[in-house]
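Asker: let me see the structure of the following:
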Amino acid sequence: MTRALLLSILTIAARPVASPAGRLPAHAELLTIGRLHYDGGGDWYANPSSLPNLLHAIGTRTALKVAPREKLVTVTDADLWNVPYIYMTGHGNVHWNDQELLVLRRYLQQGGFLHADDNYGMDESIRRELKRLFPDRPMVEVPLSHPIYHMIYEFPKGIPKIHEHDGKPAQGFGIFIDGRLAVYYSYQSDLGDGWEDPEVHKDPAEVRESALRMGVNLFAYAVAYGS
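Answerer: Numbering: from 1, shown residues only. Sure, this is the predicted structure:
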């Protein structure tokens, strides 16, 4: 699928996001994001205003029909198979049991998309669990030429830096299945903080906007290239 075709399908406009308050579903068949409830002790529920704001951005900037809120899922929920994009975040430990690894691996092999967004503290555990998930598929830095950086908005330098944390550069890592990016790990960026309501972190408007634009690209990629 060419970028021009993707843009014609997905894009309405590229304009700053407004408040999601009062937005109603257009019809029953709406796309949404699955917030992943995982075990291990990490705060999977962090950044509660982030995903509604991202969904509003997706709904107002693309032709995709999305729900106003995310859906809470676990790996073993039947609802897992109804979301094209799973998002997980937190500051602490992540753990999947053997059965969860089997199901999540199958979901991703069949076209699903997982976005792990380090909220400063999950790096060690998510790298460990992703290696358990795909022991034969190394996690690599996603090249700057990849569509996630060019789907709708241009990110020629890759994932934007939202919060400082260790002061390291923001990086986007991925696991590929048959050439498709199935897992995206945003490291030293903290996109979810940038998606939150403005008063939560008091980030400059341009920082929040860059985070939302990156989120729109990720979701658009998951829908366009997924199952």
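Asker: contacts and neighbour counts: CA atoms only from here.
Answerer: Will do.
Asker: dump the one helix or strand residue 125 maps to to PDB, restricted to CA.
Answerer: Per DSSP states H and E: residue 125 is located in helix 123-133. The C-alpha coordinates for helix 123-133 follow below in PDB (Å, rounded to 0.1, in the frame of the first residue of the first chain):
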ATOM      1  CA  ASP A 123      12.600  -0.900  30.900                       C
ATOM      2  CA  GLU A 124      14.300  -3.800  32.500                       C
ATOM      3  CA  SER A 125      11.200  -5.900  32.900                       C
ATOM      4  CA  ILE A 126       9.700  -5.200  29.500                       C
ATOM      5  CA  ARG A 127      12.900  -6.100  27.700                       C
ATOM      6  CA  ARG A 128      13.000  -9.300  29.600                       C
ATOM      7  CA  GLU A 129       9.400 -10.200  28.800                       C
ATOM      8  CA  LEU A 130       9.600  -9.300  25.200                       C
ATOM      9  CA  LYS A 131      12.600 -11.600  24.900                       C
ATOM     10  CA  ARG A 132      10.500 -14.300  26.400                       C
ATOM     11  CA  LEU A 133       7.700 -13.400  24.000                       C
END
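Asker: buried residues in that helix, which are they?
Answerer: 123, 125, 126, 129, 130, 133 (16 or more other C-alpha atoms under 10 Å).
Asker: cool, and stretch 187-204?
Answerer: In stretch 187-204, residues buried by neighbour count (16+ other C-alpha under 10 Å) are 187, 188, 189, 190, 191, 192, 193, 194, 195, 196, 197, 203.
Asker: closest one to residue 224 out of those residues, please.
Answerer: residue 191 (21.0 Å; C-alpha to C-alpha).
Asker: coming back round to it: mind putting the buried residues of stretch 187-204 in TSV, secondary structure included?
Answerer: As requested, the buried residues of stretch 187-204 are exported to TSV (DSSP: H, G, I helix; E, B strand; the rest coil):
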residue	secondary structure
187	strand
188	coil
189	coil
190	coil
191	helix
192	helix
193	helix
194	helix
195	helix
196	coil
197	coil
203	coil
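Asker: closest to residue 166 among the residues you listed?
Answerer: residue 188 (7.5 Å).
Asker: dump the residue contacts of the residue nearest to that closest one when sequence neighbours are not counted.
Answerer: Distance criterion C-alpha to C-alpha, 6 or more residues apart in numbering; nearest residue to residue 188, sequence neighbours excluded, is residue 170 at 4.6 Å. Going by C-alpha atoms under 8 Å, 6 or more residues apart in numbering, residue 170 touches 159, 160, 161, 186, 187, 188, 189.
Asker: can you add pLDDT and give these back as JSON lines?
Answerer: Formatted as JSON lines, the contacts of residue 170 follow (pLDDT from 0 to 100):
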{"residue": "159", "pLDDT": "98"}
{"residue": "160", "pLDDT": "97"}
{"residue": "161", "pLDDT": "95"}
{"residue": "186", "pLDDT": "98"}
{"residue": "187", "pLDDT": "97"}
{"residue": "188", "pLDDT": "95"}
{"residue": "189", "pLDDT": "94"}
